[in-house]
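Trainee: Could you work out the structure for the sequence below:
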Amino acid sequence: MAGHDHGHDHGHGHHRHGQHPRSPRQAIAPERMPPPPSRRARHPLVVIGNAILTVIVLAIIAAGAGLYLGNNKFEAAGPLDRERTVVIPRGAGIRDVAELLRRERVIDIPMVFVAGAAISGKTSDVKAGEYLFDPGVSMSEVLDTLVEGRSILHVVTIPEGLTSEQIVQRLMESDVLTGEIASVPLEGTLLPETYKVTRGTTRQQVLTRMQAAHKRLVQETWERRASDIPIKTVNEFVTLASIVEKETGKADERTRVAAVFINRMNRRMRLQSDPTIIYGLVGGKGTLGRPLTRDDVERPTPYNTYTIEGLPPGPIANPGRASLEAVANPSRTKELYFVADGTGGHVFAATYDQHLKNVSRWRQYQKEQATIPAAAPPPGEATVKDAPADKAAQKDNGAPKSAAPGIPTPVNRPSDKGASRAGELPKGSRTQ
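Mentor: Here you go, the predicted model:
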């Protein structure tokens, strides 16, 4: 029985423990229970700390994921489907800029744009201006464009031969420029040129640029002038250049026209330039609005080179680069006269007899043109009824006119030494 009981107990022990003991000692040893939880682990502060740590870890993971996704969005193509111009106003904050870009459909998530600017440290670097964005432009590219200030450049073109008053008027008519102009600059102190500006540039800033460009160019050209020209001062230099500017619109003629006036100055002959008459009558307005009459020609003014000796007291317009260069280094000729040739240019003569022949050809050309039905003159051009034979195309408001008479031609004989016209000009009205 004992053996049977032992076997029974053994089986029972196997059922309870799942394995046979290795020794009798092990069989009778008490079972060890797992230790109870630590009171420290169950402390509320520990529980709260673990929760906070978990939240922080999850937040870091979420932030990393958000940063990854946001960066992808920041660099990805945007919603813009066609080119669009956007004006960023001065003083706009980064959030205002982002909202403006969203309204213009350049970007779609302002928060990502603001975050991208903040992370890159460019929040306060966005520049005001007018910007052109291409279709699909990314927020990253938009930000770079605004930070670098790659604004649209507009062209402001000032033609040669305008007076300072006319230039100011042109600037005031521009809808790209802003601000008022304190005063009209002195005549002949602005360089006619094409200037590139951004929207919002002030008119005074453009004038300042024109003055600086003029001063620099005049100084450079004056220093390279021919040593034998009878021009003593920079004011005289610019004055004669302004007369040459108003006399011809053809670039290849300017040095010859300058030579005619230089030669006449050397012979002490009056310059007899119609643009000087007009300036003496109307000043900075530049245009007379009607043909010149003989009374105009004979009316003494400080600028009328039909009645004064030599040059007028100052420029009659703002000459361009080519006219300044022409006066500094005129053609080496003996020519004293020029007259229109019917093509918008002139024919030149060194003697009065040759000049009369040129005048005769010009009169014949006029008669032939008179038999052709006259077309309506282009806007701004004067209608010439009976133009004198010694006139050619004149620039009006800086644009060269057609072959219609208008530019004066000196007609005094070389021996006149500055005498008046002596009735040698044909009768009839003179155009401005």
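
Trainee: wait, is Tyr365 part of a helix?
Mentor: Yes: judged by DSSP: H, G, I helix; E, B strand; the rest coil, Tyr365 forms part of a helix.

Trainee: Quick check, it in contact with Gly342.
Mentor: Yes: counting by Cβ atoms under 8 Å, Gly342 is a contact partner of Tyr365 at 4.4 Å. Glycine gets a C-beta too; all of them are placed from N, C-alpha and C.

Trainee: Of these two, give the one with the bigger neighbour count.
Mentor: Gly342 (19 against 16; other Cβ atoms under 10 Å).

Trainee: Mind checking what secondary structure the more buried one has?
Mentor: coil.

Trainee: State the distance from it to Arg363.
Mentor: According to Cβ to Cβ, to the nearest Å, Gly342 stands 11 Å off from Arg363.

Trainee: Could you chop the protein up by domain?
Mentor: Following automatic domain parsing, the chain resolves into domains at 72-148, 157-215, 233-416.

Trainee: quick revisit: name the residues contacting each of Tyr365 and Gly342.
Mentor: Counting by Cβ atoms under 8 Å, 6 or more residues apart in numbering, Tyr365 and Gly342 have no contacts in common.

Trainee: I'd like the domains of the chain written out as CSV, with distance to Thr221 added.
Mentor: Supplementary listing: those in CSV, determined by distance: least, Cβ to Cβ, whole Å:
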stretch, distance to Thr221
domain 72-148, 35
domain 157-215, 11
domain 233-416, 5
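
Trainee: can you pull out the strands in the stretch 151-300 of the chain?
Mentor: Assigned by DSSP state E, counting those that start in this stretch, the strands in the stretch 151-300 of the chain fall at 153-157, 194-198.

Trainee: ok, the closest residue to Ser174 other than its chain neighbours - contacts?
Mentor: On the basis of Cβ to Cβ, 6 or more residues apart in numbering, the spatially nearest residue to Ser174 that is not a chain neighbour turns out to be Val156, at 6.3 Å. Contacts here follow Cβ under 8 Å, 6+ apart; on that basis Val156 touches 171, 174, 176-177, 194-197, 206.

Trainee: Adding neighbour count, write those out as TSV.
Mentor: As requested, those are arranged in TSV below (neighbours: other Cβ atoms under 10 Å):
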residue	neighbour count
Leu171	20
Ser174	14
Val176	18
Leu177	22
Thr194	9
Tyr195	18
Lys196	10
Val197	20
Val206	23
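
Trainee: Out of those residues, which is nearest to Arg216?
Mentor: The nearest member of these to Arg216, counting by Cβ to Cβ, is Tyr195 at 14.0 Å.

Trainee: Okay, and the beta partners of the closest one?
Mentor: In this structure, Tyr195 bridges to Val156 when assessed by DSSP bridges.

Trainee: Quick one: residues contacting it.
Mentor: Under the criterion of Cβ under 8 Å, 6+ apart, the neighbours of Tyr195 are 155-158, 206, 209-210.

Trainee: As a check, name the ranges of all helices in the stretch 1-150 of the chain.
Mentor: Counting by DSSP state H, counting those that start in this stretch, the segments of the stretch 1-150 of the chain that form helices are 2-17, 24-28, 44-75, 94-103, 110-119, 139-148.

Trainee: should've said the stretch 201-350 of the chain
Mentor: With DSSP H, counting those that start in this stretch, the ranges of helices along the stretch 201-350 of the chain come out as 203-223, 234-247, 254-266, 274-282, 294-298, 321-328.

Trainee: Highest mean neighbour count out of the ones you listed?
Mentor: Here the criterion is mean neighbour count by mean count of other Cβ atoms under 10 Å, and of the helices of the stretch 201-350 of the chain the winner is helix 234-247, at a mean of 26.

Trainee: Any stretches of the protein with poor pLDDT?
Mentor: Confidence mapping of the chain against pLDDT under 70 gives the ranges 1-43, 62-70, 373-432.

Trainee: Repeat the analysis, applying 80 as the threshold.
Mentor: Low-confidence segments of the chain, defined by pLDDT under 80: 1-51, 53-55, 57-71, 372-432.

Trainee: before we move on, back to that, find the one among the domains of the chain with the highest mean neighbour count.
Mentor: Burial of the domains of the chain is given as mean neighbour count (mean count of other Cβ under 10 Å); domain 233-416 ranks first at a mean of 20.

Trainee: quick one: contacts of stretch 206-226?
Mentor: Contacts to stretch 206-226, defined as Cβ under 8 Å, 6+ apart, come from residues 156, 158, 167-168, 171, 177, 181, 185, 189-191, 193, 195, 197, 231, 234, 237-238, 318, 321, 324-325, 327-330.

Trainee: Could you tell me how far the closest residue to Lys73 other than its chain neighbours is located from Val147?
Mentor: Nearest residue to Lys73 in three dimensions, chain neighbours excluded: Val112, at 5.2 Å (Cβ to Cβ, 6+ apart). Distance, Val112 to Val147, using Cβ to Cβ: 17 Å.
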